[in-house]
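>>> Sequence and predicted structure below; questions after.
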Amino acid sequence: MPRAKHIHMIGVGGSAMSPLAGMLKERGYRVTGSDAGVYPPASTFLESRGIQYATSFDPTHLTPAPDLTIVGNAISRGNVEVEEMLDRKLPYRSLPEIIEEEFLPGKLCIVVSGTHGKTTTTAMLAWLFHVAKKRPNFLVGGIAENFGQAYGLGGGEEFILEGDEYDSAYWDKAAKFFHYHPDDLIITSLEFDHADIYADFETYQLAFRRLVNLVPRRGRLIVWGDPEAGEALADATAKAFCPIIRYGFHPSNDWVAANVQSEGDTMTFQVIHKGEPYAGIRLAATGRHNVLNSLAALIVAEGRGIRRESIQEALSTFRSVKRRMDVKGEVDGVLVVDDFAHHPTAVKATLEAARLRWPGKRLWAVLEPRSNSMRRKVFQAALPQALALGDKVLLGSVHRAGQLADDQRLDPESVAAAVRQLGKDARVLPGADAIADVLAAEAHPGDLLLIMSNGSFDGLCEKLLKKLSARHTTSGVNAR
């Protein structure tokens with residue numbers, strides 16, 4: 001790509017677009033953007049980098065003409081800036097295209113893909129390479145807490161990327177990860193997701209088979225190898241031209257996590273490599289799913305020459321990603337935790353991890369059906385079993401329910417009824433305010449309120465903490 005002086009970003013408030021804006025600014029470009037409202041953390045990040053943005057779309061934002069326009073994948077035809085861009089034949093790119101052209105040439109590319117765990121695993125890898133003083137370049141689909149931001153341009157040999165299977169742009173409905181040319185590829189798991197993009201599981205699997213086919217024969221494929229990983233993952237990797245390294249809990253894997261123990265906010269386990277002890281690990285994260293994530297990251301780091309002592313130090317000081325078991329506050333003995341869980345398997349793993357981390361607490365599972373897949377019936381049969389791991393269950397209404405036909409839309413009442421058949425109390429409430437009212441009235445000291453959504457849930461965590469604080473103040477006054 002010619003060295004552009006001014007780049008304008010349509011949809012700059014997106015979770016990946018705002019860090020890309022920071023990356024481009026750091027490269028010396030003048031960056032501007034627009035979006036239909038820009039909210040924290042994107043707004044505060046852009047302001048901290050001195051990036052000007054508008055909170056509405058307007059054709060005048062393209063005058064004078066930028067050298068390049070980047071169009072986010074949430075932007076569709078009919079957007080007034082897109083129509084102006086096309087009318088005037090201004091040059092444009094998608095987010096993955098600009099990453100491919102501007103940041104990846106000359107880099108050894110490490111891509112983390114899979115239905116679950118890729119954001120956390122990518123953040124782990126970035127921290128492993130940082131602790132090893134390898135100056136990593138990285139882009140994570142969330143705020144990596146060790147770095148305080150979602151990207152880094154350290155200038156080292158490697159570029160570590162979260163390989164998203166979601167589409168690239170309105171003109172390119174193929175997965176973003178096809179632009180990333182992996183040398184090392186991790187596939188953490190393979191279950192159906194993104195029902196708005198992929199017609200069925202076969203189509204979803206095909207994207208991963210095509211991704212595997214991009215890894216050069218000198219590269220490496222690191223794959224979850226336990227029986228629970230399923231046939232789909234094995235099939236997707238069956239025709240790889242590069243070595244395949246399998247990891248998991250089962251002793252048949254090349255790398256095995258054994259003697260796994262939960263100790264408060266940490267997990268400890270032994271790593272076995274081809275039958276021989278490799279290292280003892282203390283992981284500053286909870287849940288067996290995070291043991292798997294760390295094992296995949298460890299394999300890549302070890303294969304790139306990072307010493308085991310450095311690996312042990314990095315995993316023991318890893319601070320996860322924002323909105324992954326994120327403790328928002330505790331009032332009067334009631335703990336409020338926020339998590340991104342947006343798939344039945346993620347809900348199950350999150351609830352299991354919460355049980356390990358906070359044993360003995362009464363666990364409220366509070367879910368907003370918000371993601372494009374969770375809003376659909378595709379997960380209606382699987383959700384009750386996952387949610388029933390909680391002691392009490394509250395479901396919000398389907399986000400933007402009117403966008404889906406009745407026969408396609410998830411029915412929260414049916415999900416709640418199925419949870420009740422499994423012996424747990426479950427209710428559906430119309431929104432965040434109603435849920436906050438119920439929790440403020442019914443939560444007791446010692447309860448854990450686990451809020452799960454891939455969005456803000458209309459500020460539920462903040463509303464809840466305010467109501468709990470008001471309750472606590474009022475009860476204190478009454479006691480006097």
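Yes, it's here.
>>> lowest confidence element among the helices and strands of this structure?
helix 460-479 (a mean of 76; mean pLDDT, DSSP states H and E).
>>> Does the residue lying closest to residue 126 once chain neighbours are set aside lie in a helix or a strand, and which?
Nearest residue to residue 126 in three dimensions, chain neighbours excluded: residue 138, at 3.9 Å (Cβ to Cβ, 6 or more residues apart in numbering). All C-beta spots, glycine's among them, are computed from the backbone N, C-alpha and C. Assessed by DSSP states H and E, residue 138 sits inside strand 137-144.
>>> I'd like to know which elements that strand is packed against.
helix 17-26, helix 118-131, strand 149-153, strand 158-162 (3 or more Cβ pairs under 8 Å, 6 or more residues apart in numbering; DSSP states H and E).
>>> Taking strand 149-153 as reference, get the angle to it.
170 degrees (axes from the mean of the first three to the mean of the last three Cα atoms, to 10 degrees).
>>> how far out from the middle of the chain is strand 137-144?
From the chain centre to the centre of strand 137-144 is a distance of 10 Å (Cα atoms, centre = their mean, to the nearest Å).
>>> Buried residues of it, list them for me.
Of the residues in strand 137-144, 137-144 count as buried by neighbour count, 16 or more other Cβ atoms under 10 Å.
>>> Can I get the residues you listed in JSON lines including pLDDT and distance to residue 257?
Formatted as JSON lines, the buried residues of strand 137-144 follow (pLDDT from 0 to 100; distance: Cβ to Cβ, whole Å):
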{"residue": "137", "pLDDT": "98", "distance to residue 257": "28"}
{"residue": "138", "pLDDT": "97", "distance to residue 257": "24"}
{"residue": "139", "pLDDT": "96", "distance to residue 257": "27"}
{"residue": "140", "pLDDT": "93", "distance to residue 257": "23"}
{"residue": "141", "pLDDT": "85", "distance to residue 257": "24"}
{"residue": "142", "pLDDT": "84", "distance to residue 257": "24"}
{"residue": "143", "pLDDT": "85", "distance to residue 257": "27"}
{"residue": "144", "pLDDT": "90", "distance to residue 257": "23"}
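>>> and which of those residues is nearest residue 99?
residue 139 (7.1 Å; Cβ to Cβ).
>>> my guess is that closest one meets residue 102, correct?
No. Counting by Cβ atoms under 8 Å, residue 139 stays clear of residue 102, with 11.7 Å between them.
>>> count of residues packed around the closest residue to residue 379 other than its chain neighbours?
With sequence-adjacent residues excluded and distances taken as Cβ to Cβ, 6+ apart, residue 379 is closest to residue 344, at 5.3 Å. For residue 344, the neighbour count with other Cβ atoms under 10 Å is 21.
>>> Wasn't residue 70 part of a helix?
No. In this structure, residue 70 is strand, not part of a helix, as judged by DSSP: H, G, I helix; E, B strand; the rest coil.
>>> and it, what are its bridge partners?
residue 9, residue 93 (DSSP bridges).
>>> burial measure for it, as a count.
Residue 70 has 25 nearby residues by other Cβ under 10 Å.
>>> hang on, the earlier thing: I'd like the helices and strands packed on strand 137-144 as CSV, with distance to residue 192, mean neighbour count and mean pLDDT appended.
Formatted as CSV, these follow (distance: least, Cβ to Cβ, whole Å; neighbours: other Cβ atoms under 10 Å; pLDDT from 0 to 100):
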stretch, distance to residue 192, mean neighbour count, mean pLDDT
helix 17-26, 26, 22, 96
helix 118-131, 16, 27, 96
strand 149-153, 27, 21, 95
strand 158-162, 19, 27, 97
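>>> how about these, which one is nearest residue 207?
Going by Cβ to Cβ, the one of the helices and strands packed on strand 137-144 nearest residue 207 is helix 118-131, 13.8 Å.
>>> Domain parsing of the protein, as residue ranges.
In terms of domains, the chain is parsed into 6-94, 104-316, 326-479 (source: automatic domain parsing).
>>> Kindly confirm my reading that residue 31 forms part of a strand.
Yes. According to three-state DSSP, residue 31 belongs to a strand.
>>> I'd guessed it sits against residue 23; true?
No. Contact criterion Cβ under 8 Å: residue 31 and residue 23 do not qualify, at 9.3 Å.
>>> Span of stretch 364-382 from start to end?
18 Å (Cα to Cα, to the nearest Å).
>>> Show the pLDDT at residue 376.
What the model reports as pLDDT for residue 376 is 86.
>>> So the closest residue to it other than its chain neighbours versus residue 231, what's the distance?
Distance criterion Cβ to Cβ, 6+ apart; nearest residue to residue 376, sequence neighbours excluded, is residue 195 at 5.1 Å. Residue 195 sits 20 Å away from residue 231, taking Cβ to Cβ, to the nearest Å as the criterion.
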